[in-house]
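Student: quick one: sequence and predicted model below, then my questions.
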Amino acid sequence: MTQILVTGANGEIGHALIRKLASEGASIVALDLHDIDATLSGFCAESYRGDVRDAEVLGEIGRHHRFSAIYHMASLLSTSGERDPELAHEVNVNGSFNIMKLARAQSGLRGERTKLIFTSSIAVYGLRAGDLRTRPLTEREFLTPCTMYGINKLYVEQMGRYFSEYYKIREGEVPIDFRCLRFPGLISSETLPSGGTTDYGPEMLHAAAQGKPYRCFVRESTRLPFMVMDDAVRALTRLAGAPRSALRHQVYNVTSFSVTAGEIKALIETSFPQADIQFEVSANRQAIVDSWPENVDDSPARAEWGWAPEYSFERAFRDLLIPKVMARYS
Ligand code: AKB
């Protein structure tokens with residue numbers, strides 16, 4: 001039986017994705033640096049504790065399973081990457097290279113292309129002072145990232161494209177089927193991210209729901225694209241399910257709404273009027289978000305595989321996030 005491997009299983013996206021894949025009847029193998037969360041283990045056929053940098057663990061996984069698809073999410077995020085660029089490079093690049101080798105081996109063993117679904121980010125863009133941040137960027141412009149994380153993501157995008165489309169050195173080699181989404185900031189009611197620079201969005205919400213004060217580390221006027229986790233997971237599974245013949249690209253932007261930190265605060269305050277949210281800007285983290293676009297153009301995803309978010313800004317907070325965090329912390 002073919003299975004699906006999920007790396008970074010305990011992470012934000014991993015949590016939501018595993019539940020969704022399990023609800024669709026998939027047999028899931030989970031990989032994470034730590035023991036799989038108790039809340040997830042019931043959804044997985046098997047789970048491994050291990051590091052994507054460890055070729056031995058990946059070799060063992062590859063010997064015991066046949067994967068039709070691998071969702072590769074294990075990664076250090078942008079702020080963590082700036083704190084330790086060497087570790088970020090090891091995990092985000094060398095770890096991804098190991099996963100790519102696993103996908104290639106699986107394609108060979110199965111005689112069929114294993115899908116490698118990779119989560120990239122708006123961090124691949126690098127705008128500088130004077131560049132217009134308001135125009136939605138296509139997948140091909142301003143690819144001059146200013147963080148180690150963005151550089152790592154961009155490189156893995158290119159490596160995936162190479163192994164998917166160009167690497168034909170060995171006779172009879174079956175290429176991988178690389179598919180990649182560039183995500184904006186993600187907001188979930190279930191989990192909190194750690195080490196990212198868009199974290200202020202979800203952190204503000206969870207702090208307000210718990211009655212805790214929150215000091216937002218970017219300016220009130222900072223505008224970035226965001227998406228709720230439900231839409232992110234739908235985008236991933238929809239891209240994975242699209243027929244290869246429909247796809248003309250390997251890398252797709254997806255987005256839902258573009259809002260300022262002040263607008264997020266104001267909407268949260270309509271449900272949590274006592275929320276103590278103030279702005280105390282961190283120059284380093286502000287510089288990171290200032291290099292990212294205010295919006296991205298996701299028209300290729302819409303045209304080629306029917307992407308459309310279900311949640312606008314108001315709907316996401318009023319109908320989904322706020323009721324769920326209220327129930328969670330009450
Ligand atoms: C981060 O802030 O590092 C991530 C991202 C935008 O990829 N959320």
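Tutor: Thanks, I have the structure now. Numbering: from 1, shown residues only.

Student: so residue 52 lies in a helix, does it not?
Tutor: No - the assignment for residue 52, made by DSSP: H, G, I helix; E, B strand; the rest coil, is coil rather than a helix.

Student: got a list of what it touches?
Tutor: 7, 31, 58, 72, 74, 91, 95, 96, 98, 99 (C-beta atoms under 8 Å, 6 or more residues apart in numbering). All C-beta atoms are positioned from the backbone trio N, CA, C, and that covers glycine.

Student: do residue 6 as well
Tutor: 14, 17, 18, 21, 28, 29, 30, 31, 70, 71, 73.

Student: could you do residue 118 as well?
Tutor: Counted by C-beta under 8 Å, 6+ apart, residue 118 has contacts 72, 96, 156, 157, 160, 178, 179, 180, 181.

Student: same thing with residue 198?
Tutor: Applying C-beta under 8 Å, 6+ apart, the residues near residue 198 are 184, 185, 186, 224, 226, 289.

Student: give me the pLDDT for it.
Tutor: Per-residue pLDDT puts residue 198 at 98.

Student: rewinding a little: now the contacts of residue 6 in TSV, with secondary structure, distance to residue 123 and neighbour count?
Tutor: Shown next, in TSV, are those (DSSP: H, G, I helix; E, B strand; the rest coil; distance: C-beta to C-beta, whole Å; neighbours: other C-beta atoms under 10 Å):
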residue	secondary structure	distance to residue 123	neighbour count
14	helix	19	24
17	helix	20	25
18	helix	24	28
21	helix	25	22
28	strand	27	21
29	strand	28	21
30	strand	25	24
31	strand	23	28
70	strand	22	24
71	strand	19	28
73	coil	14	20
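
Student: skipping adjacent residues, who's closest to residue 224 in space?
Tutor: Excluding its sequence neighbours, the residue lying closest to residue 224 (C-beta to C-beta, 6 or more residues apart in numbering) is residue 185, at 5.7 Å.

Student: quickly list what the one you found is bridged to.
Tutor: Counting by DSSP bridges, residue 185 is bridged to residue 226.

Student: quick check, it in contact with residue 228.
Tutor: No - taking contacts as C-beta atoms under 8 Å, residue 185 lies outside contact range of residue 228: 10.3 Å.

Student: name the residue of the stretch 201-330 of the chain that lies nearest to the ligand.
Tutor: Relative to the ligand, the nearest point of the stretch 201-330 of the chain is residue 292 (7.2 Å; C-beta to the nearest ligand atom).

Student: for the ligand, see how far away the residue nearest to residue 224 is.
Tutor: Distance, residue 185 to the ligand, using C-beta to the nearest ligand atom, to the nearest Å: 5 Å.

Student: distance check, that residue against residue 114.
Tutor: Applying C-beta to C-beta, to the nearest Å, one obtains 29 Å for the distance of residue 185 from residue 114.

Student: try residue 320
Tutor: 33 Å.

Student: in terms of neighbours, single out the busier of these two.
Tutor: Between residue 320 and residue 114, counted using other C-beta atoms under 10 Å, the more crowded position is residue 114 (25 against 19).

Student: quick one: buried ones out of the contacts of residue 198?
Tutor: Neighbour-count burial (16 or more other C-beta atoms under 10 Å) applied to the contacts of residue 198 gives 184, 185, 186, 224, 226, 289.

Student: so the residue of the stretch 201-330 of the chain closest to the ligand is in contact with residue 127, correct?
Tutor: Yes - the pair residue 292 / residue 127 is scored as a contact, 7.1 Å apart, by C-beta under 8 Å.
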